[in-house]
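Engineer: Give the three-dimensional model of this entry:
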Amino acid sequence: MGLPLAVAFAKSGFPVIGVDVDPGKVEAINRGDSYISDISAEELRKWTTASAGPGRIWATTDYAALNEADVAIICVPTPLNKTRDPDVRYLLAAGESVAAHLHPGMLVVLESTTYPGTTEELLLPMLEEGGSGEEPCRVGEDFFLAFSPERIDPGRTDWTVENTPKVVGGVTPDCLEAASALYGQAIERIVPVSSPAAAEMTKLLENTFRAVNIALVNEVALMCDKLGLDVWEIVEAAATKPYGFMKFTPGPGVGGHCIPLDPHYLSWKLKTLNYNARFIQLAGEINSDMPRYWVEKVQDALNEVEKAVKGSRILVLGVAYKKDIDDVRESPALDIIALLHEKGAHIRYHDPHVSSFSYNGLKFTSVDDLDAALEEADCVVIATDHTAYDWPHIAKTASLLVDTRHVL
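Structural biologist: Alright, predicted model coming up:
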């Protein structure tokens, strides 16, 4: 989320400093090489060259650059740990670094998705103790603090940083005014809310809504399979209703950096208040079980042609978590591959956007000759709907096809 936001502010005439602990990313930005598919190298180089003018972007690993910054926007990962609890170490590290370089009038905004209360419970105390003065800094007077959740959907061109409404919640009214004024220079519509916690909860509601509805339609797919019905026919028919229904489609699970993770931040927070977020937990169980269901479908399909999973040559098409992107984070396709590998299958994959990946100690490289791989495969599993694929050709060429986009 950091680089697209940096480009949006550069377009609006702001000089932008990118601070990252990864020297490789810093060097790439300063060369004008984008490492994010949504920002092309051509677009980035408009803003990283000396001729970019006031909107120039440059990057560094040195947090001392914040001494010259009027605004610090924190865009760090907020993953889950092994027990599915929030892992805020990156956020805390960034907060401490910002606090060390806090100066009068500075605006600090957190964009990383997190549980309600994070901005005021974790960041605010660090910043109040930061700065160069002997006295604690006063929020709303000496510095300003807000939360504004990122709303970037990788691969989309219709909704971008600039035209997606921006929710903003400030610790004080002046904090809200300062943050709104900043984002208003680069983003078309600002949606102010009463507090950082309200903005944090807004983001979690958005992603929990999607997680629960994806889980619902995935379970409907399981039901239709038991009933001998075509779930896609059912979904398409239901989608003709002009009100009261929003179309979601079944698949191999749920992936990406938000939907599989963010609802658990809310669930964790509610556990601290002795409340069990049942919808979130159930949705997580259903979605996380989908890869195993599809592996069973592969096993059933092979059994019908008198083949065992063990020793079969299985080609997986698409490993990114959604079509036409290069992001494999939390992709259910990786779980399908790992489960099939555990059963002794010989796995190969092809993805036009992902040249290689590692998962659970396994390393894979995308096959170059798709037609040859199709001919050699005993079974083809379609896990991601890339538009780059020639689907009719694949369906005609594959001897045995298990399409996780449609229940066959």
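Engineer: Name the spans of the stretch 51-200 of the chain whose pLDDT lies under the cut-off.
Structural biologist: Confidence mapping of the stretch 51-200 of the chain against pLDDT under 70 gives the ranges 131-134.
Engineer: Which parts of it are strands?
Structural biologist: 57-60, 71-74, 106-110, 143-147, 166-170, 190-193 (DSSP state E, counting those that start in this stretch).
Engineer: Now render the ones you listed as TSV, adding distance to Pro154 and mean neighbour count.
Structural biologist: For every residue, glycine as well, the C-beta is placed using N, CA and C. As requested, the strands of the stretch 51-200 of the chain are arranged in TSV below (distance: least, CB to CB, whole Å; neighbours: other CB atoms under 10 Å):
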stretch	distance to Pro154	mean neighbour count
strand 57-60	20	20
strand 71-74	19	22
strand 106-110	21	25
strand 143-147	22	27
strand 166-170	18	25
strand 190-193	22	16
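Engineer: Surely Gly18 forms part of a strand?
Structural biologist: Yes - assessed with DSSP: H, G, I helix; E, B strand; the rest coil, Gly18 lies in a strand.
Engineer: Quick check, it in contact with Ile29.
Structural biologist: Yes - Gly18 lies in contact with Ile29 (CB atoms under 8 Å); the separation is 5.6 Å.
Engineer: show me what contacts the closest residue to Val191 other than its chain neighbours?
Structural biologist: Using CB to CB, 6 or more residues apart in numbering and skipping residues adjacent in sequence, the residue nearest Val191 is Val167, 4.7 Å away. Going by CB atoms under 8 Å, 6 or more residues apart in numbering, Val167 touches Ser148, Pro149, Arg151, Val191, Val193, Ala199, Thr202, Lys203.
Engineer: returning to that earlier point: in TSV, list the strands of the stretch 51-200 of the chain along with distance to Val98.
Structural biologist: Below are the strands of the stretch 51-200 of the chain laid out as TSV (distance: least, CB to CB, whole Å):
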stretch	distance to Val98
strand 57-60	14
strand 71-74	5
strand 106-110	6
strand 143-147	10
strand 166-170	16
strand 190-193	23
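Engineer: which stretch among those comes nearest Phe209?
Structural biologist: Evaluated over the strands of the stretch 51-200 of the chain, closeness to Phe209 peaks at strand 166-170, with 14.5 Å, by CB to CB.
Engineer: Kindly state the domain boundaries assigned to the protein.
Structural biologist: Split into domains by automatic domain parsing, the chain comes to 2-203, 231-408.
Engineer: Let me have those domains in JSON lines, adding distance to Cys224 as columns.
Structural biologist: What follows is the domains of the chain, written out as JSON lines (distance: least, CB to CB, whole Å):
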{"stretch": "domain 2-203", "distance to Cys224": "28"}
{"stretch": "domain 231-408", "distance to Cys224": "4"}
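Engineer: closest one to Arg210 among these?
Structural biologist: The nearest among those, by CB to CB, is domain 231-408 at 5.3 Å.
Engineer: Off-centre distance for the closest one?
Structural biologist: Counting by CA atoms, centre = their mean, to the nearest Å, domain 231-408 is centred 16 Å from the centre of its parent chain.
Engineer: now that domain: mean pLDDT?
Structural biologist: Regarding domain 231-408, the rounded mean pLDDT is 90.
Engineer: ok so, going back, tell me the residues that contact both of Gly18 and Ile29, please.
Structural biologist: With CB under 8 Å, 6+ apart, Gly18 and Ile29 have common neighbours Leu3, Ile57, Trp58, Ala59.
Engineer: Look up how far Arg313 lies from the first one.
Structural biologist: Relative to Arg313, Leu3 is positioned 39 Å away (CB to CB, to the nearest Å).
Engineer: higher neighbour count, the two?
Structural biologist: Each of Leu3 and Arg313 has its neighbours counted (other CB atoms under 10 Å); Leu3 has more, 23 against 15.
Engineer: can I assume the more buried one is in contact with Gly32?
Structural biologist: No - in this structure, Leu3 is not within contact of Gly32 by CB under 8 Å, at 11.8 Å.
Engineer: residues bridging contact with the two, i.e. touching both?
Structural biologist: With CB under 8 Å, 6+ apart as the test, Leu3 and Gly32 both reach Leu44.
Engineer: Nearest to Val217, out of the domains of the chain?
Structural biologist: So among those, domain 231-408 is nearest, using CB to CB, at 4.4 Å.
Engineer: More neighbours: Gly18 and Ile29, which one.
Structural biologist: Ile29 (25 against 20).
Engineer: you'd agree the more buried one is in a helix?
Structural biologist: Yes - assessed by three-state DSSP, Ile29 belongs to a helix.
Engineer: Could you report the pLDDT at it?
Structural biologist: 93.
Engineer: Enumerate the beta-bridge partners assigned to the residue nearest to it when sequence neighbours are not counted.
Structural biologist: In this structure, Ile29 finds its nearest non-sequential neighbour in Ala59, 4.0 Å apart by CB to CB, 6+ apart. Residues in a beta bridge with Ala59, per DSSP bridges, are Gly18.
Engineer: Tell me how many other residues surround Gly13.
Structural biologist: Neighbours around Gly13, by other CB under 10 Å: 11.
Engineer: Could you double-check that Gly2 lies in contact with Ala72?
Structural biologist: No - using CB under 8 Å, Gly2 is not in contact with Ala72; the gap is 11.7 Å.
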